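Enquirer: Turn this into a model:
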Amino acid sequence: MALIKNLVSGLLLCSAAVNAAPSSLFKRAAESNVTVSNATLVSNSTSWASNTTTNLVDVFIACGDAPKGADLSCNVLYNTTGNLNITQLYKVADNLNKTLMTTETAGIVVQAAAPAFESLSFFLAVVVDTYKTIIITEDAALGAIIARDPRAEGRGPLVIDNTGVIYSGSLTPLSVPVGVIGDDNKACWFFEAQQTGLFDWNSTLRTTYTNFTNTMPATSPIVPVVYQEGVSTDLVSALSASGAVNGLVLISDLAAPAPTSNTTAPAPATAAPAFPVVCVNPEGGITFLSAANIPTFAIAGGYLTPLQAQLLLTIAISNGVTGATELRSLFP
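Expert: Just a heads-up that it's a prediction; the model follows:
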């Protein structure tokens, strides 16, 4: 129990830092009904057509120097070589939303350092609901070329690494390639444009929680990420009693054992804490955590990484979504 108290004290001391900079505490290592025809996207009762006649690309700089070139509108926001904190992420999203509402643009590029790719791509996928192309890369000039490609639209944020591989920004970072840039500086796409899972155009996020696109939330919740060996509710109970946090992402290497044909053991039962708890698997490849082996009060993080779960839970709490039932309908 002394160890639990020490952990709580440590979290109280670092809670401001955790809130300031989303972190997973780790070193990073369903078919959509969207139809694509000549870059026309149809979702629910809303139709979008790629009828942009401009080559202008809006570039937002979060790291490095602004590129020079015709048809580039550059806006310097930050110059940080690390991750972005939640306030900085909201500022980037706010600038993108305002640009999309007021400017005729072929696409948007966010130039950032590689450590910020995961937080930027996932956060923007949640908060910026658009069919327009959003590219996240260390090379804005290269990103602008792909941002002008009509076939890049409707895919959510895309991440381009330094080898020219294009990844889905809404899934496990740098794990799901959707295209590659050839030696002619043109993209070869592996799949037709679509949004799946959490970001499907008919998903709970897009149909029920449209307010998540709010870029000026009234609150800034404290949502730390904690690694815990095994499955225990002692830490959660201690944090609940302390009132130190607004939510918790819990990583456990025993939360989800490898799938077998055997019946899984019942999830541990205990009193629900005063804040929402999301359980996720550790970093390392694409995995899926269900509710079968986590405490009954917790929300399963599905395929989300610890950092992605932290960001989604922070956004949800910021917009007043804290109930377990509502959060279970939101998380994949």
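Enquirer: Okay, helices next: where are they in the stretch 151-300 of the chain?
Expert: Counting by DSSP state H, counting those that start in this stretch, the segments of the stretch 151-300 of the chain that form helices are 204-207, 234-242.
Enquirer: hey, least reliable of these by pLDDT?
Expert: For these, the bottom mean pLDDT is recorded on helix 234-242, which sits at a mean of 72.
Enquirer: partners of residue 181 in the sheet?
Expert: With DSSP bridges applied, residue 181 shows beta-bridge pairing to residue 187.
Enquirer: quick one: contacts for it?
Expert: When the contact criterion is Cβ atoms under 8 Å, 6 or more residues apart in numbering, the partners of residue 181 are 142, 145-146, 160, 164-166, 187-188. Where you see a C-beta, it was placed from the backbone N, CA and C, and this is true even at glycine.
Enquirer: what's the answer for residue 322, then?
Expert: By Cβ under 8 Å, 6+ apart, the residues touching residue 322 are 247, 275-276, 316.
Enquirer: rewinding a little: save the helices of the stretch 151-300 of the chain as JSON lines, and put in mean neighbour count too.
Expert: Output for the helices of the stretch 151-300 of the chain, formatted as JSON lines (neighbours: other Cβ atoms under 10 Å):
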{"stretch": "helix 204-207", "mean neighbour count": "17"}
{"stretch": "helix 234-242", "mean neighbour count": "17"}
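Enquirer: Redo those as CSV? Include distance to residue 84.
Expert: What follows is the helices of the stretch 151-300 of the chain, written out as CSV (distance: least, Cβ to Cβ, whole Å):
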stretch, distance to residue 84
helix 204-207, 21
helix 234-242, 26
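Enquirer: which one of these lies closest to residue 327?
Expert: Using Cβ to Cβ as the criterion, the shortest distance between residue 327 and the helices of the stretch 151-300 of the chain is 10.0 Å, found for helix 204-207.
Enquirer: Can you tell me, leaving aside adjacent residues, what's nearest to residue 228?
Expert: Here the nearest residue to residue 228 in space, its sequence neighbours aside, is residue 252; by Cβ to Cβ, 6 or more residues apart in numbering that works out to 5.1 Å.
Enquirer: Against residue 294, how distant is the one you found?
Expert: 8 Å (Cβ to Cβ, to the nearest Å).
Enquirer: Quickly check the contacts of residue 322 for the two that are furthest apart.
Expert: 275 and 316 (11.7 Å).
Enquirer: Please say which of the two ends up with more neighbours.
Expert: Using other Cβ atoms under 10 Å, the more surrounded residue of residue 275 and residue 316 is residue 316, with 26 against 20.
Enquirer: List the backbone torsions phi and psi for that one.
Expert: Backbone torsions for residue 316, taken as degrees, to the nearest 10, come to phi -60, psi -50.
Enquirer: before we move on, what about residue 74?
Expert: Per degrees, to the nearest 10, the residue geometry at residue 74, taken as phi and psi, is phi -100, psi 140.
Enquirer: Please shift the residue numbers so they start at 540 in all later answers.
Expert: Understood, numbering begins at 540; the last thing we discussed is residue 613.
Enquirer: who's it bridged to?
Expert: Applying DSSP bridges to residue 613 gives these bridge partners: residue 598.
Enquirer: OK, contacts around it?
Expert: Contacts for residue 613 were tallied using Cβ under 8 Å, 6+ apart; they are 598-600, 605-606, 679.
Enquirer: if we can go back for a sec, PyMOL command to pick out the buried ones of the contacts of residue 720?
Expert: Selecting only the buried members of the contacts of residue 720 in PyMOL, with burial defined as 16 or more other Cβ atoms under 10 Å, works like this:
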select buried, resi 681+684+685+699+703+705+726
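Enquirer: which residue packs closest to the spatially most central residue of the chain, ignoring adjacent ones?
Expert: Closest residue to the average C-alpha location of the chain: residue 661 at 2.1 Å, with Cα atoms, centre = their mean. Taking Cβ to Cβ, 6+ apart as the measure, residue 661 lies nearest to residue 847, with 4.8 Å between them; neighbours along the chain are not counted.
Enquirer: Extract the C-alpha set from the helix or strand where the one you found lies and format it as CSV.
Expert: The secondary structure element spanning residue 847 is helix 845-857 (assigned by DSSP states H and E). As requested, the backbone C-alpha atoms of helix 845-857 are provided in CSV (Å, rounded to 0.1, in the frame of the first residue of the first chain):
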residue,chain,number,x,y,z
PRO,A,845,-1.9,4.7,-25.1
LEU,A,846,-1.3,8.2,-26.5
GLN,A,847,-4.3,8.1,-28.8
ALA,A,848,-6.5,6.9,-25.9
GLN,A,849,-5.2,9.7,-23.7
LEU,A,850,-6.0,12.3,-26.4
LEU,A,851,-9.5,10.9,-27.1
LEU,A,852,-10.4,10.8,-23.4
THR,A,853,-9.1,14.3,-22.9
ILE,A,854,-11.2,15.6,-25.8
ALA,A,855,-14.3,13.8,-24.5
ILE,A,856,-13.9,15.1,-20.9
SER,A,857,-13.3,18.6,-22.2
